[in-house]
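Participant: Below are the sequence and a predicted model for it; my questions follow.
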Amino acid sequence: MESTRVRSSIVFALLIAVLLPLTGCGDDGTERFESEETRAIREKVRAEMAQERLERIGNRLTEMNESLANSPNAFALSAGEAVAEEEEASAGISLASGESVYGANCSSCHGARGQGDGPLSTGLRPTPAKHADGVYMNALSNDHIYRVISEGGAAVGKSSMMAPWGSSLSNDEINSLIVFIRTLADPPYSGPVPGES
């Protein structure tokens, strides 16, 4: 009889030991015992931290916009200029079209002159390709560059940070980009470019 009582006591103690921590499930208990003043201070600090974070993000976006606006490829288009430029871009492969597409889509990471120093490049690892590095870029075929632009860096064993643009850009726009990218190389590129007869 005594062993049954001991077993019952042990089982009861184990049940309490298991169930007691579950009563607070997910609550460390600190908020139950804090005063209204402490709770108000904690909420104020959270709100201030969130506001500071938003201000930092806003400042960074402003810096990036200013940097883009001051770049050589920055442009502001009226509705008529935008239509004319779109028609030119769809008219085939051209250096002007490539420069325009590069300024609008590539320079934010690769930099206005292809130095890999665009405003969004900060913090990217690996850093964006330097299109101005002729030693590296001149060794790449036009087909290789086309594939990187169209399918993304991962398609050629490079960083997936380079997004695929094939669904956003036409074949002519990608080939125009290649023509423009080839003009950035130092030492200069002397091979064939898309659209040459």
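Facilitator: Now that the structure is in, tell me what you want to look at.
Participant: can you give me the helices for the chain?
Facilitator: Here the chain has its helices, by DSSP state H, at 2-19, 30-33, 36-69, 79-89, 95-105, 107-110, 134-137, 142-151, 171-184.
Participant: what residue ranges in this structure score low on pLDDT?
Facilitator: The model of the chain has pLDDT under 70 over residues 1-35, 37-50, 52-54, 56-61, 64-65, 67-91, 197.
Participant: one more time with 80
Facilitator: Within the chain, the stretches falling below the threshold (pLDDT under 80) are 1-91, 197.
Participant: Report how many residues lie close to D133.
Facilitator: Neighbours of D133 under the rule other Cβ atoms under 10 Å: 16. In this view, the C-beta of every residue, glycine as well, is placed from N, C-alpha and C.
Participant: mind listing what it touches?
Facilitator: By Cβ atoms under 8 Å, 6 or more residues apart in numbering, the residues touching D133 are A185, D186.
Participant: Once you drop chain neighbours, what's closest to I93?
Facilitator: G195 (3.4 Å; Cβ to Cβ, 6 or more residues apart in numbering).
Participant: correct me, but the one you found touches G98?
Facilitator: No. Here G195 lies out of contact with G98, judged by Cβ atoms under 8 Å, at a distance of 9.8 Å.
Participant: the more surrounded of those two?
Facilitator: G98 (27 against 15).
Participant: measure that one to R125 for me?
Facilitator: For G98, the distance to R125 equals 27 Å [Cβ to Cβ, to the nearest Å].
Participant: and if you look at G103?
Facilitator: G103 sits 25 Å away from R125, going by Cβ to Cβ.
Participant: neighbour count winner among those two?
Facilitator: Comparing G103 with R125 by other Cβ under 10 Å, the one with more neighbours is G103, at 18 against 6.
Participant: just checking, that one touches A112?
Facilitator: Yes. Shown here, G103 and A112 form a contact pair, counting by Cβ under 8 Å, at 7.2 Å.
Participant: gap between G166 and A155?
Facilitator: G166 sits 10 Å away from A155, taking Cβ to Cβ as the criterion.
Participant: should've said E63
Facilitator: Going from E63 to A155 by Cβ to Cβ gives 32 Å.
Participant: next one: V179
Facilitator: Here the criterion is Cβ to Cβ. By it, V179 lies 21 Å from A155.
Participant: who's more crowded, these two?
Facilitator: Neighbours per residue (other Cβ under 10 Å) separate V179 from A155, with V179 holding more: 21 against 16.
Participant: Could you pull up the residues touching that one?
Facilitator: Counting by Cβ under 8 Å, 6+ apart, V179 makes contact with I93, S94, L95, G98, V193, P194, G195.
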